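Colleague: All I have is the shape, not the residue letters:
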């Protein structure tokens, strides 16, 4: 009986509530939304619920239409203290990078045109020079992410041949990106040497055979092995590779151009160190510690990079004009010696006293449910595993708040813009390190509203 009470598509279409929606959009799209709402109504009735009224169905359609047409991805305030938060888009871009993307997007550009000669040029020209200057490499190539860079490198340089990797470095970096799987996809054969915790140069040397194309060293960028360990240096592998006539490749992962020790963090391998050591090609990301857009970057010897650039897979993996524009602008910050303009490094470098001052200012606005506590921020994004930075957070006690910490976190995620914090001991912690100054007033208002329930 209840199923018969569910209105038809035509009845819902005829409601006054949907007139504006129909006037502004294609009819077939609105009809599809109605059918989805009616399907959900039937499923609800089959579970023993009452049939919705005509007005309720129309309202459900309007809500679905609003959700389908809202901007995506939308702006989120990151108060977790995780600087490179993968779920929140990793590195925020600098103002210069955003402006470069805007210029590239608004009209036509010289993306692949040599304006001096008046003929076709390379879309990579704007990023090759700064990458070579910053790393000391002979040549460079950019693709759409580091996984693609490694896949391209192995395919172009080692397809049908063997690549030697330490057993402790045949790892999964993240998102299912496993070195053995990538090796298999590239057509190269993985030869594991050593043990999980100890591998020597002699292990690589013993495994080199007539069909060996390369030695691959992989930086463990999202985990750390400690204790009884040994792995050969990249310099040692380069010396071995040259003596035996095989390539040496280095997957650096996060792509750090600055000395992290200067920021109180453990040393992160840098591309310029790999190039100075003599590797044939080094691979790294653009959207992690480099602080730019998602990109995969390869730097190395000109003859090696040329083989990658000429491979058919390179075209399938090439980045678009917006990525290249943002990457170039980010690299220029490093060339000018202004890393503080790269948001990732500005956040890493914030003095602890400044964070405490900001947290205390937040508390003054939020009230008695908030307290200021010392805590730790993390780098995140598969970079500097286990490394933290001292910070000060606003801790929201949630014992008397509806739904506790989880309920409060959910209400903050529903704010406009959404606010994301981290839960610890049934308290919600908000870390100012990852909150941009212009976002503070929105965060405070969202928190006050969420606490009211």
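Modeller: All right, it came through fine. Everything numeric here is computed off the predicted structure, so don't read it as measured data.
Colleague: only C-alpha atoms for contact and neighbour calcs from this point on.
Modeller: OK.
Colleague: Could you give the number of residues near residue 261?
Modeller: Residue crowding around residue 261 was assessed by other CA atoms under 10 Å; the count is 10.
Colleague: ok, so what distance separates it from residue 297?
Modeller: 23 Å (CA to CA, to the nearest Å).
Colleague: where in this structure is pLDDT low?
Modeller: Low-confidence segments of the chain (pLDDT under 70): 1, 171-177, 221-228, 382, 399-401.
Colleague: and the longest helix for it?
Modeller: Secondary structure of the chain per DSSP state H: the longest helix is helix 27-46.
Colleague: Show me how far the very next helix or strand once past it is from its chain's centre.
Modeller: Next helix or strand after helix 27-46 toward the C-terminus (DSSP states H and E): helix 54-69. Mean-position distance between helix 54-69 and its chain equals 33 Å (CA atoms, centre = their mean, to the nearest Å).
Colleague: do stretch 7-26 as well
Modeller: A distance of 40 Å separates the centroid of the chain from that of stretch 7-26, by CA atoms, centre = their mean.
Colleague: Any idea how far apart the tips of that stretch sit?
Modeller: From the first residue to the last, stretch 7-26 extends over 21 Å; the measure is CA to CA.
Colleague: list the buried ones in it?
Modeller: Neighbour counts using 16 or more other CA atoms under 10 Å place 7, 12-13, 18, 21-22 of stretch 7-26 among the buried residues.
Colleague: out of those residues, who's nearest residue 133?
Modeller: Closest approach between those and residue 133, by CA to CA: residue 21, at 54.5 Å.
Colleague: for the closest one, helix, strand, or coil?
Modeller: Here residue 21 is helix, with the state taken from DSSP: H, G, I helix; E, B strand; the rest coil.
Colleague: so who does it touch?
Modeller: Contacts here follow CA atoms under 8 Å, 6 or more residues apart in numbering; on that basis residue 21 touches 30, 62.
Colleague: What residues are bridge-paired with residue 428?
Modeller: residue 396, residue 423 (DSSP bridges).
Colleague: So it versus residue 201, what's the distance?
Modeller: 48 Å.
Colleague: cool, residue 150 as well?
Modeller: Using CA to CA, residue 150 is found at 22 Å from residue 201.
Colleague: between these two, which one's more packed in?
Modeller: Between residue 150 and residue 201, counting by other CA under 10 Å, residue 150 is the more crowded of the two (27 against 18).
Colleague: related to what we said a few turns ago, could I get the buried residue list for the longest helix of the chain?
Modeller: Here helix 27-46 shows 30-31, 33-35, 37-38, 41-42, 45 as buried, counting by 16+ other CA under 10 Å.
Colleague: Distance to residue 281 added to the buried residues of stretch 7-26, as TSV?
Modeller: As requested, the buried residues of stretch 7-26 are arranged in TSV below (distance: CA to CA, whole Å):
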residue	distance to residue 281
7	64
12	62
13	61
18	59
21	55
22	56
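Colleague: List just the nearest of those residues to residue 373.
Modeller: Residue 373 has its nearest neighbour among the buried residues of stretch 7-26 in residue 21, at 48.8 Å by CA to CA.
Colleague: for residue 114, what are its contacts?
Modeller: Applying CA under 8 Å, 6+ apart, one finds that residue 114 lies in contact with 120-122.
Colleague: Please repeat the previous calculation with a cut-off of 10 Å.
Modeller: Contacts for residue 114 (CA atoms under 10 Å, 6 or more residues apart in numbering) come out as 120-123, 125.
Colleague: Tell me what it is bridged to.
Modeller: Bridge pairing for residue 114 (DSSP bridges) gives the partners residue 119.
Colleague: which residues in the stretch 301-450 of the chain form strands?
Modeller: 370-380, 388-397, 419-420, 422-424, 427-430 (DSSP state E, counting those that start in this stretch).
Colleague: Which positions in the longest one come out as buried?
Modeller: Taking 16+ other CA under 10 Å as the basis for neighbour counts, the residues of strand 370-380 that come out buried are 370-373, 375-380.
Colleague: which helices and strands does that strand pack with?
Modeller: Here strand 370-380 touches strand 82-84, helix 343-348, helix 352-366, strand 388-397, strand 427-430, going by 3 or more CA pairs under 10 Å, 6 or more residues apart in numbering; DSSP states H and E.
Colleague: Generate a markdown table for the strands of the stretch 301-450 of the chain, with distance to residue 57 as supplementary columns.
Modeller: Output for the strands of the stretch 301-450 of the chain, formatted as a markdown table (distance: least, CA to CA, whole Å):
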| stretch | distance to residue 57 |
| --- | --- |
| strand 370-380 | 41 |
| strand 388-397 | 38 |
| strand 419-420 | 30 |
| strand 422-424 | 36 |
| strand 427-430 | 36 |
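Colleague: Relative to residue 269, which of the ones you listed is closest?
Modeller: Between the strands of the stretch 301-450 of the chain, strand 370-380 lies closest to residue 269; by CA to CA that is 15.2 Å.
Colleague: what about residue 422, neighbour count?
Modeller: Using other CA under 10 Å, residue 422 is surrounded by 19 other residues.
Colleague: Would you agree residue 28 is in contact with residue 22?
Modeller: Yes: contact criterion CA atoms under 10 Å: residue 28 and residue 22 qualify, at 9.5 Å.
Colleague: Pull the contacting residues for the most centrally placed residue in the chain.
Modeller: Compute the mean C-alpha point of the chain, and by CA atoms, centre = their mean the closest residue is residue 90, 3.7 Å away. Neighbour list for residue 90: 82-84, 287-289, 291-294, 344, 380-381 [criterion: CA under 10 Å, 6+ apart].
Colleague: circling back to that earlier point, which one of the strands of the stretch 301-450 of the chain lies closest to residue 350?
Modeller: The minimum distance between residue 350 and the strands of the stretch 301-450 of the chain falls on strand 388-397, with 9.2 Å, by CA to CA.
Colleague: now the closest one: how far from the chain's centre is it?
Modeller: In this view, strand 388-397 has its centroid 23 Å away from the chain centroid, taken as CA atoms, centre = their mean.
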